[in-house]
Each structure stands twice: as C-alpha cells, then as structure tokens.
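Peer 1: Next comes the sequence, and after it the predicted model I'd like to discuss.
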Amino acid sequence: MYMNKKQTDKTNEKNKSNYDLDLLLNLNKQMLLIRRFEEKAGQLYGMGKIGGFCHLYIGQEAVVVGLQSANEDKDSVVTSYRDHGHMLACGMEPAGVMSELTGRATGYSKGKGGSMHMFSKEKNFYGGHGIVGAQVPLGAGLAFADMYMENESVTFTYFGDGAANQGQVYETFNMAALWKLPVIYVIENNQYAMGTAQERSTSSPEIYTRGDSFGIKGEAVDGMDVVAVRDAGVKAAAHCRAGKGPYILEIKTYRYRGHSMSDPAKYRTREEVQKMRAQRDPIESIRSLLVSEKLSTDEEIKIIDKEIKEIVNSCAEYAKESPEVPAEELWTDIYA
C-alpha cells in the first residue's frame, strides 16, 4: 500500500545532495504551517467557531507542499473540499483563510464560502469544490485556456482516490489526452474514500494506470516523503510544458483524522493510525533528514515551530475579532 521506511530512506539518500538547505527548511516550514493551522482549525470547530463541514489535511502535508515547490507562479491549482493546505501552500494569507473558515467578512470569499469554497485569482487558486470530482473537468478547462494563450502554464488538478471512480474524471482524461492539455492530475490517495478502504471501493490496485487506455503517462509516488513528491512534480511539470499532454501522479498518502470533523473514523483501528504517525510522518521524516545531515538542529526546528504556532494563534484571534458577514452581502455575487 505504501513505500516502506527503508525505501523512503533510500530516496532521501539519493536526493539530499540535490537540494540546498534553504529549500529543505522551507519544505519543513510549509508543512509545519499547514499542520499547526489545521490543528487550530480543529480546535475552533470543536468550540463552535467553524460551522458546516470541515475536512482537515493533517498527515497529507507533503503532497501539496512538495508539488507547490515544483511549480511556477503562473501555474494554477484546483482541488476538492480538503483544501486548507492547498491554499496555504499557494501563498494565500493564513489570516484570510482562517477568517473564511469562521464565516467572517475578512475571509477570502467574504465569509460566504466557508471551508470548502475559497478562491484567490491573485494566487491562481480556483477552489475548493464541494461536489466530488467536480474540479477535475474545471482543471481541464483551466489547462485549455493556458494552451490557447500559449503561456506555458500548467494546471495542478487534485482529487482523491474516491473521486477517481467518478465518470466525469474519465471523460476529462479523454479530452485532455486528445488535446494534449498541460494538466497534472494529482490523485491524493489517502487510502479511504470517505470511510471505505481502497480495496473495497476500487478495482485497480494502482489507480494511475487507468490513464493507460487514454495514452496518459503516470506514476505512483510516496506521498509521505516531500522530497519524492517534489521530484515527481518537477518531472510531471516538465512533461506538460514540453507539449506532451497530461500526466497522472497517484500520490499515496494518509490522513490522520476522520474524513471530516464529524467522522469518528471507526472503519480503521487506532493502532493503524498510530503506526503511520510513528513510522511515516512526513514532518518527522524531513526533521530527521535535516538533523542527521547536520543541516539543522532540533533546537532550531523547535524555534521555527514556535514561530509558526504564534502566527496561527494570531490568525485565530484575528478571525474571531473580525466582523461577521452583513445581511446585505446575501444578495451580492449571485450569478443565477
């Protein structure tokens, strides 16, 4: 199901010489920001400060952080409802994201989108979509626009292993292959389609191979290793920019929390989750790499973590103190 720790250690050994200290520290910092932000979001949800659905990204941080480190500023991102980490990795302000989660007027969607529907044209982030698999054809549309304008941009289209069984995904694969669209399909395979394990919901043990019938190249990636994810992202983006059409990355990852905050996750054992945390945590893996290679120290990493916690706490206070959405906003931004 996953690459084991020995395989991951070999990957780190092979790639560590390719990256400078600043890059590795930034990968660690970005993952820490997402982890601490999501932990705080979970707390606020428990306090009743966040309404509606809330899907946390804890455990999957290496996926979007690794890929965002491989893209260019002109590239676009579109994803599903488990989207807070993607927003932060795209450079959206944590205070604005937290304000949107809490339904405040200072949020990215003026407090009307909530957890699942946030956008930033400035950061080329196009959602956040609540309908399973709906973002996949939208990603193809963004890629078509880029191809039409000949701007050499790439669209990173994220969806889960559950969404991979949706019919519109394969209609989109066909169109993207036919027109050689510059789109990377990122399957965030966290092993559970909501509460259904992959082996019970999906006939293909390797989901990326479903692109074979459309002539779309792809590969499986260890999503608990941020360096491996970055390498795969660089390769896939180069493929798309060269005019070779779409590429599929099935990134095998794991979420520590339930599908959403209302999910007790009784479909798996506590021991399974604890084992993944202990043996494969992506943040602990890069911390170990930094320390073992004497690129940083535990104390320096703890200082970074403390600074990030202060930023996140400040964002939470900003959100709580921000004004609620005025009633007249109910009638703005309506297109149908």
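Peer 2: Perfect, I can see it now.

Peer 1: for V221, phi and psi?
Peer 2: Main-chain torsions, V221, degrees, to the nearest 10: phi -130, psi 140.

Peer 1: What residues are bridge-paired with it?
Peer 2: V221 has these beta-bridge partners by DSSP bridges: I251.

Peer 1: Spit out the contact partners of it.
Peer 2: Counting by C-beta atoms under 8 Å, 6 or more residues apart in numbering, V221 makes contact with 228-229, 232, 249-252. Using the backbone N, CA and C atoms, a C-beta is placed for each residue, glycine as well.

Peer 1: and what of A105?
Peer 2: Counting by C-beta under 8 Å, 6+ apart, A105 touches 99, 111, 322-326, 329.

Peer 1: For the nearest residue to P264 once chain neighbours are set aside, give me the pLDDT.
Peer 2: Distances taken as C-beta to C-beta, 6 or more residues apart in numbering put G258 closest to P264, at 6.1 Å, once the chain neighbours are dropped. At G258, the predicted lDDT confidence score is 93.

Peer 1: Surely G258 is in a helix?
Peer 2: No: in this structure, G258 is coil, not part of a helix, as judged by DSSP: H, G, I helix; E, B strand; the rest coil.

Peer 1: Of the contacts of V221, which pair is most distant in space?
Peer 2: Taking C-beta to C-beta, the two most distant members of the contacts of V221 are A228 and E250; they sit 12.6 Å apart.

Peer 1: Roughly how far does G128 sit from E122?
Peer 2: G128 sits 15 Å away from E122, going by C-beta to C-beta, to the nearest Å.

Peer 1: In terms of neighbours, single out the busier of those two.
Peer 2: G128 (26 against 9; other C-beta atoms under 10 Å).

Peer 1: Please, which helix or strand holds the more buried one?
Peer 2: For G128, there is no enclosing helix or strand under DSSP states H and E.

Peer 1: check contacts around it.
Peer 2: By C-beta under 8 Å, 6+ apart, the residues touching G128 are 79-81, 83, 87, 113, 116-119.

Peer 1: Which one's more surrounded, A228 and E250?
Peer 2: E250 (25 against 22).

Peer 1: Any idea how many residues pack against the closest residue to the more buried one other than its chain neighbours?
Peer 2: Using C-beta to C-beta, 6+ apart and skipping residues adjacent in sequence, the residue nearest E250 is Y208, 3.7 Å away. Here the count is done by other C-beta under 10 Å, and Y208 has 23 residues near it.

Peer 1: Confirm for me that Y208 is in contact with F214.
Peer 2: No: counting by C-beta atoms under 8 Å, Y208 sits too far from F214 to count as a contact (11.8 Å).

Peer 1: where in the protein is pLDDT low?
Peer 2: Across the chain, residues meeting the criterion (pLDDT under 70) sit at 1-18, 336.

Peer 1: Look up how far P326 lies from the most centrally placed residue in it.
Peer 2: In the chain, the centroid-proximal residue (C-alpha atoms, centre = their mean) is V64; its distance is 4.0 Å. Note on V64: its distance to P326, by C-beta to C-beta, is 33 Å.

Peer 1: and what of E299?
Peer 2: 47 Å.
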